[in-house]
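Enquirer: This is the structure alone, sequence omitted:
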């Protein structure tokens, strides 16, 4: 029996009972589409979370001062700690597992423009901050070394901050006031998107000014104004996070004269740790199991249909054996027929799943809604699982078919 | 040497049964369908095995056709003991040496006439073109050259039986087993089918008819009677003089 005849026989099996076929194929189509969709959606969710957690900056580690821990000093003596440019310089010189080290000063300050008065998250930065945070200029220019060196009173606004402070008519060159001091708006950031982890406001809401300019207008006197609120580092790789944290805490503790084991005195955190804490692998595993189970149920439908087919075609099997078919020819025929039936349902399901993913993937949804991301490995996985289901569904009917006794079936006729 | 070999082959019976018994067991119940059957069928014989329903003739036909193994006894097909042949070898033997014609035709309803006839060839690694040409030739031989593309459901009983005979012939078997070949046909069509089987026999094919139809049996060159699982040369008395 050649392959074309087997395909035709399989298609005739499908035609024999249309309702049974429709229900069986629906199971297979739904199952295969589910595998494609759920795997693609799981990938989309993972990417969405990763993207959301890294919008604060890729491979970013933050270190900020706290209080001396209770285990290291009497409760009454627990004093607040702070960083100065000297600490930033010490970290920059001593650290090996980071390629960028920056000091950042910040505060919630009143920002006015015309009649608009808002309290904004104002960041005192230097040019390299853009490399760490991954921000890009949409219009105008960024803060330069010259701006920092000369304490230029210039500001770059996040996308949302621009709309809220300047309104729709806001232009580059506008003058805003921060703590009553005029600043020229020299640039706007591209929209960063929703941050699933953040310190204070999202970048889109922030106002960036040269760190020296912030020190110049901050309340306080002398060195108090030059306090560094946070040390921002960019790790050389995610694998070295733990080493970097130990390294940074050790340097800063030495600078501040506290114990390197005091995790309350120098707090070191990374946004990626929040991502690592998410049970993403477990969730994707669960989605995979769910999808495979759905496809497995479709496979059971096919198994049932093919068992019916073997029962209905016992006479045919008897005739085939009588005219020279070997048992393995019969096994091969029913096995291939099952694979063809599985293939018909599976390929339709694959097309449906791919189409659905492509359709949803093309939508412009908010960046906190995961959309399916289709990859070749997902299609291959679906094909693999589909084939496995087809093979498993085909074994029992084929085995049953091979067990038919021609003397019984031919005599029954 | 070659002549001797040919003579030896010619003298070897197509079928040789010695002490063949077949017992069906169902739980504790044992039914002896055949008992001590001895039988020799020579080349180009036209033999009718006759008997009433339940006499064991279908069991005998199934053993002759290698579809069923006897419980005891020895069956030799052209000198080779069947019990020594493995299942794949038996399948090849059925496909190449034995042609089956059934009372109910046993055509596959999903296949056209020519595809039904091709069926035995499809298990013999024969190319598609040759399969088709041999199947068409076989259909032409039984007078169905015009009905090759029809499904069994589109054919009359006589035509279906002709297709079944064409299928039995397509591998040029040396031995045709026909089980009640006219059982589902009207008298005239039955006569046509019998004429066809006689022609095949005249061409040198050994034909065994298994039937309870006296007219069919009477047309054979040799008749054997089977009753309660035992084969005898003479008709039972209740059948009248034969």
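Expert: Looks like it arrived, so ask away. Predicted model, so just to flag it, every value in this text is computed and none were measured.
Enquirer: Excluding residues flanking it in the chain, which one is nearest the residue of chain B found nearest chain A?
Expert: Nearest residue of chain B to chain A: residue B:95, at 2.0 Å (C-beta to the nearest C-beta). Where C-beta positions appear, they are placed from N, C-alpha and C, glycine not excepted. Of all residues not flanking residue B:95 in the chain, residue A:324 sits nearest, at 2.0 Å (C-beta to C-beta, 6 or more residues apart in numbering or on different chains).
Enquirer: sec struct for the residue in the stretch 301-413 of chain A that chain B sits nearest to, please.
Expert: Per C-beta to the nearest C-beta, residue A:324 is where the stretch 301-413 of chain A lies closest to chain B, at 2.0 Å. Using DSSP: H, G, I helix; E, B strand; the rest coil, the structure places residue A:324 in coil.
Enquirer: contacting residues around it?
Expert: Shown in contact with residue A:324 (C-beta atoms under 8 Å, 6 or more residues apart in numbering or on different chains): B:91-92, B:94-96, B:120, B:123-124, B:171.
Enquirer: can we see that at 7 Å?
Expert: B:91-92, B:94-96, B:120, B:123-124 (C-beta atoms under 7 Å, 6 or more residues apart in numbering or on different chains).
Enquirer: Which residues of chain B lie near chain A?
Expert: Contact residues (C-beta under 7 Å from any C-beta of the partner chain) of chain B with chain A: B:58, B:62, B:65, B:67-68, B:87-88, B:91-92, B:94-96, B:100, B:102, B:104, B:106, B:108, B:110, B:119-120, B:122-124, B:128, B:167.
Enquirer: Residue nearest the middle of chain B, spatially speaking?
Expert: The residue lying closest to the centre of chain B (C-alpha atoms, centre = their mean) is residue B:177, at 0.7 Å.
Enquirer: Tell me where chain A has strands.
Expert: Taking DSSP state E, the strands of chain A run over residues A:60-65, A:98-113, A:116-125, A:137-140, A:154-157, A:175-178, A:181-189, A:207-210, A:230-235, A:266-269.
Enquirer: Nearest to residue B:220, out of those strands?
Expert: strand A:230-235 (97.0 Å; C-beta to C-beta).
Enquirer: Enumerate the beta-bridge partners assigned to the nearest residue to residue A:186 once chain neighbours are set aside.
Expert: The shortest distance from residue A:186 to any non-neighbouring residue, by C-beta to C-beta, 6+ apart, is to residue A:154 (4.5 Å). Beta bridges link residue A:154 to residue A:184, judged by DSSP bridges.
Enquirer: if I pick residue A:154, what's in contact with it?
Expert: Contacts of residue A:154 (C-beta under 7 Å, 6+ apart): A:143, A:147, A:183-184, A:186, A:209-210.
Enquirer: for residue B:47, same thing?
Expert: Contacts of residue B:47 (C-beta under 7 Å, 6+ apart): B:41, B:208, B:220, B:222, B:224.
Enquirer: switch the cut-off to 10 Å
Expert: Contacts here follow C-beta atoms under 10 Å, 6 or more residues apart in numbering or on different chains; on that basis residue B:47 touches B:15, B:39-41, B:201, B:206-210, B:217, B:220-224.
Enquirer: Drop the exposed ones from those residues and show what's left.
Expert: B:15, B:39, B:41, B:201, B:206-210, B:217, B:220, B:223-224 (16 or more other C-beta atoms under 10 Å in any protein chain shown).
Enquirer: surely residue A:70 meets residue A:264?
Expert: Yes. Shown here, residue A:70 and residue A:264 form a contact pair, counting by C-beta atoms under 10 Å, at 7.8 Å.
Enquirer: Mutual contacts of these two, please.
Expert: residue A:78.
Enquirer: Do a quick rundown of the helices in the chain.
Expert: Picking chain A for this. A:3-16, A:18-54, A:85-94, A:129-133, A:145-149, A:159-166, A:211-217, A:241-256, A:271-277, A:280-312, A:314-322, A:327-361, A:376-402, A:406-412 (DSSP state H).
Enquirer: That was the other one, I meant chain B.
Expert: Using DSSP H, helices in chain B cover B:2-11, B:57-64, B:87-97, B:113-122, B:128-141, B:157-169, B:187-202, B:214-218.
Enquirer: So which other helices or strands are in contact with the third one?
Expert: In terms of contacts (3 or more C-beta pairs under 10 Å, 6 or more residues apart in numbering or on different chains; DSSP states H and E), helix B:87-97 is packed against helix A:314-322, helix A:327-361, strand B:72-77, helix B:113-122, strand B:175-179.
Enquirer: out of the ones you listed, nearest to residue A:131?
Expert: helix A:327-361 (30.3 Å).
Enquirer: Measure how that closest one sits relative to helix A:18-54, angle-wise.
Expert: 50 degrees (axes from the mean of the first three to the mean of the last three C-alpha atoms, to 10 degrees).
Enquirer: Which of the helices of chain A has the highest mean neighbour count?
Expert: Comparing the helices of chain A by mean neighbour count (mean count of other C-beta atoms under 10 Å in any protein chain shown), helix A:314-322 comes out on top with a mean of 24.
Enquirer: average model confidence for that helix?
Expert: Averaging pLDDT along helix A:314-322 gives 89.
Enquirer: what angle separates that helix from helix A:376-402?
Expert: Using the same axes, to 10 degrees: helix A:314-322 against helix A:376-402 is 80 degrees.
Enquirer: what about helix A:314-322 and chain B, touching?
Expert: Yes. Helix A:314-322 is in contact with chain B by C-beta under 10 Å from any C-beta of the partner chain, via A:315-316, A:318-322.
Enquirer: Report the separation between the nearest residue to residue A:244 once chain neighbours are set aside and chain B.
Expert: With sequence-adjacent residues excluded and distances taken as C-beta to C-beta, 6+ apart, residue A:244 is closest to residue A:97, at 4.0 Å. According to C-beta to the nearest C-beta, to the nearest Å, residue A:97 stands 68 Å off from chain B.
Enquirer: list the contacts for residue A:97?
Expert: Contacts of residue A:97 by C-beta under 10 Å, 6+ apart are A:61, A:233, A:235-237, A:239-248.
Enquirer: List just the nearest of these to residue B:159.
Expert: Closest approach between the contacts of residue A:97 and residue B:159, by C-beta to C-beta: residue A:239, at 79.0 Å.
Enquirer: what's near enough to touch the closest one?
Expert: residue A:97.
Enquirer: next one: the one 5 residues further on
Expert: Counting by C-beta under 10 Å, 6+ apart, residue A:244 makes contact with A:59, A:61, A:63, A:95-98, A:233-237, A:268, A:270.
Enquirer: cool, residue B:140 as well?
Expert: Counting by C-beta under 10 Å, 6+ apart, residue B:140 has contacts B:146, B:148, B:166.
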